[in-house]
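Participant: here is a sequence with its predicted model. Questions after.
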Amino acid sequence: MLPPKKRLTRRRFLQGTVTAVAAPMIVPRHVLGRGYAAPSDTFGGALIGCGGQGPGTFRTMSQGLNVRELARCDVKWADRADNKTTYTDFRRVLERKDIDLVAIATPPHWHALISIAAMEAGKDVLCEKPMTRFIAEGRAVANAEKRYGRIFQVGTFGRFQRSRNPDSILKRKIMTSGLLKNCEAVLVERGGFKVKEWSGLVNTRPQPVPKWLDWDMYQGPSPQRPFHPHRHGGTHRGYWDYEGGGLGDMGQHHFDPITWEYGLDNTAPVEVEAYAPPAHSDVCGMWGWIELKYGNGFTLVISSGEWGKAYDRKQPRGLSLNDLEEQDRKKIVAMPEPEPLLSFGQAVKSRKPAGGNAEAAYRTVSIMHLANIAIRVGRKIRFDPVKEVIVGDEEANRLVNQPMRAPWHL
Amino acid sequence: MPESQAEIAARVASMPDVDEPGKESKFTGPEPQVAQQVFEEILARGQEGITQVINLVHDATDPDFKDYRAQYVLHGLAVYVAHPDRASLQRMLVETLVTHLGRSDLSRGVRGCLIRELQWVGGPAAIAAIGGQLQDEELGTDAVSALTAIGPSAAEVLRKSLPQAQGRNRLAIIQALGVLGDAAVVADLKNAADDESRDVRIAAIWSLANIGDAGSADLLIKASDTQNAWERIRAATSCLLLAEKLLAAGRQADAARVYSHLHQTRQDPTEQHLREAAARGLAAAK
């Protein structure tokens, strides 16, 4: 049996120096210590957030791995959690030493905090989209992934398919080569943002909290508000306190393949402008379009098709080898192909970053957050992607890192 | 109704009706230039115009509550004046919000609304008024959030309110002072690190770490030895945070002491990630 403290490297495993795995044996990973992942490993898994999406998230987390579901946690079990296999408090789940992997399918206002806490407790994380509720949370998750050497994957996978498309691979090569002096590409994403569907309600009156719901824990880091059923269970998407409307729900799906394709995994838009009615303070509402410009010249336009006049400022424009000088085109063609993106299961076993790791996911979700900030402040904003602050607009910048309700904090 | 009051009421009523009148409903706001004209007309009447809007805002539980419009317009005014080129209008709005926050006849719901608008646009001029709400059982945490958003200039009022604060409000203030990095509260935080409430202990430890107080290293090291599972996880996080701050401040030896303790005490296989994080820290501290 391998000594618990010794790290097993992939190379040593392949060399067959570890006789312990020659015979079929299922040994829980927590016994052997993290960093060791033999094919027969059984992982202890937990699902936090057991609404409609939860079981699917757990299955996704488990792909390619032997995972035993040991714990489920949801704030809607206030009257029946046994604190052995069912919980209402995620902290009790994370305390467990037999949990290795955590699938998070709560509303987004909890995504960052639970992801970070799970990684602090030594777990690997697959977290539903959108990764976060505001920008600074994303940086905190990425920092935790790095500090604790954990695996994080966000629950959107379009970039995996995009990364196998030859045309997309070419675009990525062009954008990451450093040879393109100014990108004139304009990408317009039209429709599919469910803006009206995920708008919140106004003229609501508070209602009694159901006995089965831990409303205080549900709200968590978000401001204390009177209970209303529309703030819970899917329709929570309509409230800034928990998500960001249809843009929050669908944005990461739309933008994640784009950030891979256009090599934007380490940066963010520098100028954002929205066309929308003045936003409500609590309730997510309608919007027409948002124009986001990157420092390298790339422009992304998001058009809802659900409100106002259509976007007509710029025409869509692609990206191709024709944007480069002849000698540079040859260099692009000669560039090696990008490394294949690792699935969550592959990342857990190899301890290399997943395809949708925290840094990449943070840069994607930042697009969504900057768009929503531009909607909420009703004016053009400028963002510094290195300092990760909005520049020259103190009030807009307050939405980058929002206060959390104690005891919760980044 | 005085003419100005009627005119303001008409401006507010000009906001679109909801999708399903008479019900809890979705709605669609006006075109931005239409709304901007309404805001400018209200603001042209000075503090009186803003006051009239505030007087139309009612809590949803209030029998006088009509619909979303008054609160929507008030928020629209706050967002409008927050434009970097409208500083004088912003001062006027903040002054008006501050004046009304002190009114005893306003319901908690409406005062909460004013606090949340000050979280958007308030600055040093709003600190005292918001601070006056810190001991309120319902509004205290909203007040803490607003002061946190305003920034380090709000630390003093938070610190001065700490001795009287209780329960959730006390916890919120302890945490906020950590977020704001208020070094003047270190002694109070050290006392709180021994509190009977686990949440308070955890918040105090974290706040000391985020402040980066080198003199708290021993306290954090001791806290990290707890065998309470959740507290142990949080204490280790705070130790790593403090060590990173100490490294950044050039205090390698102090940082190394914290890292070394974690490296020595995290021997369980399930804490291997902490041992490794501490090892990386020790390497960086050399």
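Facilitator: Sure, I can see it.

Participant: for the residue in the stretch 201-350 of chain A that chain B sits nearest to, grab the count of nearby residues.
Facilitator: Going by CB to the nearest CB, chain B is nearest to residue A:277 of the stretch 201-350 of chain A, at 2.8 Å. For the C-beta atoms, the positions are set from N, CA and C on the backbone; glycine is no exception. Other residues lying near residue A:277 total 25 when counted by other CB atoms under 10 Å in any protein chain shown.

Participant: let me see the contact set for the nearest residue to it once chain neighbours are set aside.
Facilitator: Spatially, and ignoring its direct neighbours in sequence, residue A:277 is nearest to residue B:29 (2.8 Å; CB to CB, 6 or more residues apart in numbering or on different chains). With contacts defined as CB atoms under 8 Å, 6 or more residues apart in numbering or on different chains, residue B:29 is in contact with A:276, A:277, A:278, A:279, A:280, A:285, A:286, B:15, B:16, B:35, B:72.

Participant: before we move on, what about residue A:155?
Facilitator: Contacts of residue A:155 (CB under 8 Å, 6+ apart): A:57, A:60, A:105, A:126, A:127, A:128, A:129, A:356.

Participant: helix, strand or coil for the residue nearest to residue A:277?
Facilitator: Of the three states, residue B:29 takes coil under DSSP: H, G, I helix; E, B strand; the rest coil.

Participant: show me where the stretch 251-400 of chain A has helices.
Facilitator: In the stretch 251-400 of chain A, helices defined by DSSP state H, counting those that start in this stretch lie at A:326-334, A:344-350, A:358-377, A:394-397, listed in chain order.

Participant: just put those in CSV and tack on mean neighbour count and mean pLDDT.
Facilitator: Listed next are those as CSV, based on neighbours: other CB atoms under 10 Å in any protein chain shown; pLDDT from 0 to 100:
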stretch, mean neighbour count, mean pLDDT
helix A:326-334, 12, 96
helix A:344-350, 22, 97
helix A:358-377, 27, 98
helix A:394-397, 20, 96
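
Participant: among the ones you listed, which comes closest to residue A:388?
Facilitator: helix A:358-377 (8.2 Å; CB to CB).

Participant: which residue, neighbours along the chain excluded, lies closest to residue B:93?
Facilitator: Distance criterion CB to CB, 6+ apart; nearest residue to residue B:93, sequence neighbours excluded, is residue B:81 at 4.8 Å.

Participant: for that neighbour, what are its contacts?
Facilitator: With CB under 8 Å, 6+ apart, residue B:81 has these contacts: B:43, B:89, B:90, B:92, B:93, B:121.

Participant: and the fifth one, how far from residue B:74?
Facilitator: Distance of residue B:93 to residue B:74, computed by CB to CB, to the nearest Å: 9 Å.

Participant: got it, and residue B:55?
Facilitator: According to CB to CB, residue B:55 and residue B:74 sit 10 Å apart.

Participant: and if you look at residue B:85?
Facilitator: Noted for residue B:85: a distance of 21 Å to residue B:74, by CB to CB.

Participant: could you do residue B:94 as well?
Facilitator: 13 Å.

Participant: what's the answer for residue A:56, then?
Facilitator: Counting by CB to CB - residue A:56 and residue B:74 are separated by 41 Å.

Participant: higher neighbour count, these two?
Facilitator: Taking neighbours as other CB under 10 Å, residue A:56 and residue B:74 compare with residue B:74 leading, 24 against 13.

Participant: setting aside sequence neighbours, what's the nearest residue to that one?
Facilitator: residue B:53 (5.2 Å).

Participant: just checking, the one you found touches residue B:70?
Facilitator: Yes - at 6.2 Å, residue B:53 and residue B:70 qualify as touching, with contact defined as CB atoms under 8 Å.

Participant: quick check: neighbours shared by these two?
Facilitator: Shared contacts of residue B:53 and residue B:70 (CB under 8 Å, 6+ apart): residue B:12.

Participant: what segments of the stretch 1-150 of chain B are helices?
Facilitator: With DSSP H, counting those that start in this stretch, the ranges of helices along the stretch 1-150 of chain B come out as B:3-13, B:32-43, B:46-56, B:69-81, B:87-101, B:108-121, B:127-131, B:140-150.

Participant: residue B:157 reaches residue B:129, doesn't it?
Facilitator: No - using CB under 8 Å, residue B:157 makes no contact with residue B:129, being 9.9 Å away.

Participant: quick one: which of these two has more around it?
Facilitator: Ranked by neighbour count (other CB under 10 Å), residue B:157 and residue B:129 place residue B:129 first, with 23 against 19.

Participant: ok, the more buried one - contacts?
Facilitator: Neighbour list for residue B:129: B:98, B:101, B:102, B:118 [criterion: CB under 8 Å, 6+ apart].

Participant: how about the nearest residue to the third one, chain neighbours excluded?
Facilitator: It stands for residue B:102. Distances taken as CB to CB, 6+ apart place residue B:129 nearest to residue B:102, at 6.0 Å, with adjacent residues excluded.

Participant: got the phi and psi for the residue of the stretch 201-350 of chain A closest to chain B?
Facilitator: Backbone torsions for residue A:277, taken as degrees, to the nearest 10, come to phi -70, psi 160.

Participant: pretty sure it contacts residue B:30?
Facilitator: Yes - here residue A:277 reaches residue B:30: they are 5.6 Å apart, a contact under CB under 8 Å.

Participant: residues of the stretch 201-350 of chain A that sit close to chain B?
Facilitator: A:201-206, A:223-224, A:226, A:230, A:238, A:275-281, A:285-286, A:307-308 (CB under 8 Å from any CB of the partner chain).

Participant: ok, residue B:273 - how many residues close by?
Facilitator: Counted with other CB under 10 Å, residues neighbouring residue B:273 total 22.

Participant: no further questions, thank you.
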